[in-house]
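Student: Structure for the following, please:
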Amino acid sequence: MAKKLNNLSDLSMAYSTHSHEPEVQDMMKNSNYSNQVVRVQLDSKLRGGKAVTKVLGLNLMEKELESLAKEFKQKCGVGGSSKEGIIIIQGDHVEKIIALLIAKGFKNTKRTGG
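Tutor: Numbers count the residues shown, from 1 in each chain. From the prediction side, this is the model:
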């Protein structure tokens, strides 16, 4: 028969919910934003003539991308989304987004597409 355990410290760990991946904040500190080539463009294709601002070329984790999209939406006062490495902001906010990206440390940020 097995030995009776009186407290939880006698148990060994069978499963850990803590992953050994670095935290998102550590990733943000270690990543070099100035080397990323980020492009911001105005697009109205397949949207019934309504313009959206697209941010392309961000090599970020999904959580970082979502938080950056949330910040852009709040600063511009509009809606938007982030999926598949692209941030989409409703309306023509190209210049404001470029200024925000440069302030965040993405030095190689340019406008594309006319």
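Student: just checking, what packs against the longest helix anywhere in the chain?
Tutor: Assignment by DSSP state H gives helix 62-76 as the longest helix of the chain. Packing partners of helix 62-76 (3 or more Cβ pairs under 8 Å, 6 or more residues apart in numbering; DSSP states H and E): helix 24-30, strand 80-83, strand 86-90, helix 94-104. (Glycine included, C-beta is placed from N, CA and C.)
Student: give me that answer again for 10 Å
Tutor: Identification of packing neighbours for helix 62-76 by 3 or more Cβ pairs under 10 Å, 6 or more residues apart in numbering; DSSP states H and E yields helix 24-30, strand 52-56, strand 80-83, strand 86-90, helix 94-104.
Student: tell me the angle of that helix relative to strand 86-90?
Tutor: 20 degrees (axes from the mean of the first three to the mean of the last three Cα atoms, to 10 degrees).
Student: Including distance to residue 62, could the helices and strands packed on helix 62-76 go into JSON lines?
Tutor: Below are the helices and strands packed on helix 62-76 laid out as JSON lines (distance: least, Cβ to Cβ, whole Å):
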{"stretch": "helix 24-30", "distance to residue 62": "10"}
{"stretch": "strand 52-56", "distance to residue 62": "15"}
{"stretch": "strand 80-83", "distance to residue 62": "8"}
{"stretch": "strand 86-90", "distance to residue 62": "12"}
{"stretch": "helix 94-104", "distance to residue 62": "17"}
